[in-house]
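Colleague: Need a 3D model of the sequence below.
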Amino acid sequence: MKIRTIIAATCAALAISMAGPVSARDGETETVTKNFEAAVPNISGKSLIAVEVDYAPGAASRSHTHAKSAFIYAYVISGAIESKVNDGETRIYRAGESWSEPPGAIHSISRNASKTEPAKLLAVFVLDTNDKALTTPVK
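Modeller: As a prediction, the model looks like this:
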């Protein structure tokens, strides 16, 4: 596996784990689990965090931003995720597909595209080590 893929996957996973459970429209929730965190040894002041986000059928995240320094790589592990970042198009990503989010991006849509099947996403963050809040809801 290429180092860029590993870093991206790890970063995406971290972002999601820091977000915590969020209620979906129909009462279902997402579950965020951190699965990796480490300082990047050859880039002073940078860390890599990976989180898995499990979406129940119909579950969604609130509109949010991430740490100002965070570059995020998101990879769909299973199911289908509907996503919209900044002024980009709303897209449905299926298992094996991915996208990235630049620092300062607004993630206005992030949800399970299915009302009947679960979905799982790996989010890998590369960010300044001193950035503590990975996800902040947009008001």
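Colleague: From the centre of this structure, point out the most distant residue.
Modeller: Within the chain, Asn42 marks the point farthest from the mean C-alpha position, 24.0 Å out by CA atoms, centre = their mean.
Colleague: residues touching that residue, list them.
Modeller: Contacts for Asn42 were tallied using CB atoms under 8 Å, 6 or more residues apart in numbering; there are none. Quick note: C-beta positions are derived from backbone N, CA and C, even for glycine.
Colleague: So it, which state does it fall into?
Modeller: Classification of Asn42 by DSSP: H, G, I helix; E, B strand; the rest coil places it in coil.
Colleague: can you tell me how far the nearest residue to Asp131 once chain neighbours are set aside sits from Val126?
Modeller: Nearest non-adjacent residue to Asp131, counting by CB to CB, 6 or more residues apart in numbering: Ala67, 3.7 Å away. In this view, Ala67 and Val126 are 10 Å apart by CB to CB, to the nearest Å.
Colleague: ok, now Ser100?
Modeller: Look at Ser100 and Val126: by CB to CB, they are 10 Å apart.
Colleague: Over to Asn112?
Modeller: 26 Å.
Colleague: The two: which is more packed in?
Modeller: Asn112 (27 against 23; other CB atoms under 10 Å).
Colleague: The more buried one - nearest residue in space that isn't next to it in sequence?
Modeller: Closest residue to Asn112 apart from its sequence neighbours, by CB to CB, 6+ apart: Tyr55 at 3.7 Å.
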